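**Student:** need coordinates for the below:
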Amino acid sequence: MMPDISEQYKFVNLVLLFLISVAVITPFTLDMPNVNRYSCPIKLVPPTCFVKQYTGEECSMCGLTRSIVALYNGDLDLSLKFHPAGYIFICLLLFELLCRAVPIIFSHKLIPWLDIFQLVGVAFLFKIIVKSKGV
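**Tutor:** Prediction:
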């Protein structure tokens, strides 16, 4: 007989829901010159790319932060120019929010299977993101 871990599963999903919500809100607070159109009382300066700083070459994720901030400011063309997978990343975060909220709201024995399908989907999306930068 399997132990009942439904309460622990809901707690883990609640923590993940909080962390992902922070990740969705954070780009509104980033101060990016020539990208931001809107002002936020909190101004955070994102760090520079560690790989580019030490090797001089862009990594597969270079430009993703600027792409997301541009997308949040409603500039799809600039977002795609910075990184072609910025909108995919935002869709992934929103999908992840949904995947974390469903187990908290509903209880069903098949809901953990949603996590398995979600993990496989994330793996495919990550592969698309990496290939879109030509790595």
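**Student:** pLDDT of stretch 60-70, averaged?
**Tutor:** Averaging pLDDT along stretch 60-70 yields 84.
**Student:** same question, stretch 8-23
**Tutor:** Across stretch 8-23, pLDDT averages out at 89.
**Student:** restricting to C-alpha, output whichever helix in the chain runs longest in CSV.
**Tutor:** Ranked by number of residues, the top helix in the chain under DSSP state H is helix 111-132. Extracted in CSV, the C-alpha atoms of helix 111-132 (Å, rounded to 0.1, in the frame of the first residue of the first chain):
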residue,chain,number,x,y,z
ILE,A,111,-3.0,14.9,-11.3
PRO,A,112,0.6,13.8,-10.6
TRP,A,113,0.7,12.5,-14.1
LEU,A,114,0.3,16.1,-15.2
ASP,A,115,3.8,16.7,-13.7
ILE,A,116,5.3,13.9,-15.7
PHE,A,117,3.8,15.3,-19.0
GLN,A,118,4.9,18.8,-18.0
LEU,A,119,8.5,17.7,-17.4
VAL,A,120,8.6,16.0,-20.8
GLY,A,121,7.2,19.2,-22.3
VAL,A,122,9.8,21.4,-20.6
ALA,A,123,12.6,19.1,-21.9
PHE,A,124,11.3,19.6,-25.5
LEU,A,125,10.9,23.4,-25.0
PHE,A,126,14.4,23.7,-23.6
LYS,A,127,15.7,21.8,-26.6
ILE,A,128,13.8,24.3,-28.9
ILE,A,129,15.2,27.2,-27.0
VAL,A,130,18.8,26.0,-27.3
LYS,A,131,18.4,25.1,-31.0
SER,A,132,16.9,28.6,-31.7
